[in-house]
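A.B. asks: next comes the sequence, and after it the predicted model I'd like to discuss.
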Amino acid sequence: MDAGLKLRGIVAGYGQGDILRGLDLDVPAGQITCLIGPNGSGKSTVLRVISGLLAPRAGQVRLAGRNVTGWSPWAMLDGGVAHVPQERSLFPAMSVWDNVLMGAYINADRDAVARRATDIAQRFPLVARRRRDLAGSLSGGEQKTVEIARSMMLDPPVLCFDEPSIGLEPRARRTIFGILAELRRDGRTVLLVEQNARSGLAVADNGAVLDAGIVRLAAPASQLLDSPDVGRLYLGAS
Ligand SMILES: Nc1ncnc2c1ncn2[C@@H]1O[C@H](COP(=O)(O)OP(=O)(O)OP(=O)(O)O)[C@@H](O)[C@H]1O
Ligand SMILES: [Mg+2]
């Protein structure tokens, strides 16, 4: 399946104001695309539009060539798009295992869900090891890993990650980036929003720079990393 995303002319915001002002973005199938941009430029808003949490006022979202604009979060999840939000999203008073099971809450077949969770636990040893612990007792990096494990429960071809490495120390960050690379090796499509633009672009195939609600620049990630202008304007001093 060509699980690519295409956004065209997206206008979206909260209340009266527009945050995205005619945004175009391509997220090619089977690759990692990294979206960078300053705080408040609308990166999380782009992910909310894709996952159906925020309906755009204008423009189109296309998934695998199909117009999915305005679909509900449930329909997008069912259609194969997972979203790991920026803020912590585990239920802290529930066990790690129950949190992972929640990733498949739209699937009523409990046996199939339990089997899938067992597969996931093989891939994420942390989930197996800490399955009985309360999610709230895990470190920030461990919680993020469990969130990613949970997002895999429906075997989504497309995953959107909102600053998965924020606040993590280098080793935990490397673990998260390693997981992203593995998802790409599976052939999945990944849209990554990353505050640390250099690390994000380093793991990505494509890069896009969001500025004031539009994509100003889209190019192969290596090209953005090598461009002195992009470095000066968007990546900070190296
Ligand atoms: N629920 C909301 N209600 C009203 N305004 C919001 C809401 N969420 C975000 N905004 C505003 O929309 C703008 C873009 O926010 P968004 O979270 O998409 O930015 P961002 O690029 O993800 O920033 P950051 O790098 O800080 O995560 C900001 O000015 C923010 O204040
Ligand atoms: Mg954000």
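C.D. replies: Thanks, I have the structure now. Ligands and ions are numbered 1, 2, ... in the order given.
A.B. asks: quick one: which helix or strand includes the closest residue to residue 206 other than its chain neighbours?
C.D. replies: Leaving aside its chain neighbours, residue 206 sits nearest to residue 33 (4.3 Å; criterion: C-beta to C-beta, 6 or more residues apart in numbering). In this view, the C-beta of every residue, glycine as well, is placed from N, C-alpha and C. Per DSSP states H and E: residue 33 is located in strand 32-36.
A.B. asks: now do the buried residues in the worst-scoring helix or strand of the chain on mean pLDDT.
C.D. replies: Ranked by mean pLDDT, DSSP states H and E, the weakest helix or strand in the chain is helix 228-230, scoring a mean of 79. Judged by neighbour count (16 or more other C-beta atoms under 10 Å), helix 228-230 contains these buried residues: residue 230.
A.B. asks: one more: stretch 65-83?
C.D. replies: Those would be 68-69, 71, 76-77, 79-83, for stretch 65-83 by 16+ other C-beta under 10 Å.
A.B. asks: run through who's touching that stretch.
C.D. replies: Residues from elsewhere that reach stretch 65-83 (C-beta atoms under 8 Å, 6 or more residues apart in numbering): 1-3, 5, 47-48, 50-53, 55-56, 59-63, 106, 151-152, 154, 156-160, 162.
A.B. asks: tell me where the model's unsure across this structure.
C.D. replies: Residues of the chain meeting the criterion pLDDT under 70: 1, 236-238.
A.B. asks: and residue 146, helix, strand or coil?
C.D. replies: Assigned by DSSP: H, G, I helix; E, B strand; the rest coil, the conformation of residue 146 is helix.
A.B. asks: hmm, it is touching residue 129, no?
C.D. replies: No: if you go by C-beta atoms under 8 Å, residue 146 and residue 129 don't touch, sitting 11.0 Å apart.
A.B. asks: who has more neighbours out of those two?
C.D. replies: Counted by other C-beta atoms under 10 Å, residue 146 and residue 129 do not tie: residue 146 has more neighbours, with 26 against 12.
A.B. asks: just to revisit the earlier point, list the contacts of the least confident helix or strand of the chain.
C.D. replies: By C-beta under 8 Å, 6+ apart, helix 228-230 touches 209, 217, 224.
A.B. asks: quick one: distance of that helix to the chain centre.
C.D. replies: Centroid displacement of helix 228-230 relative to its chain, using C-alpha atoms, centre = their mean, to the nearest Å, is 26 Å.
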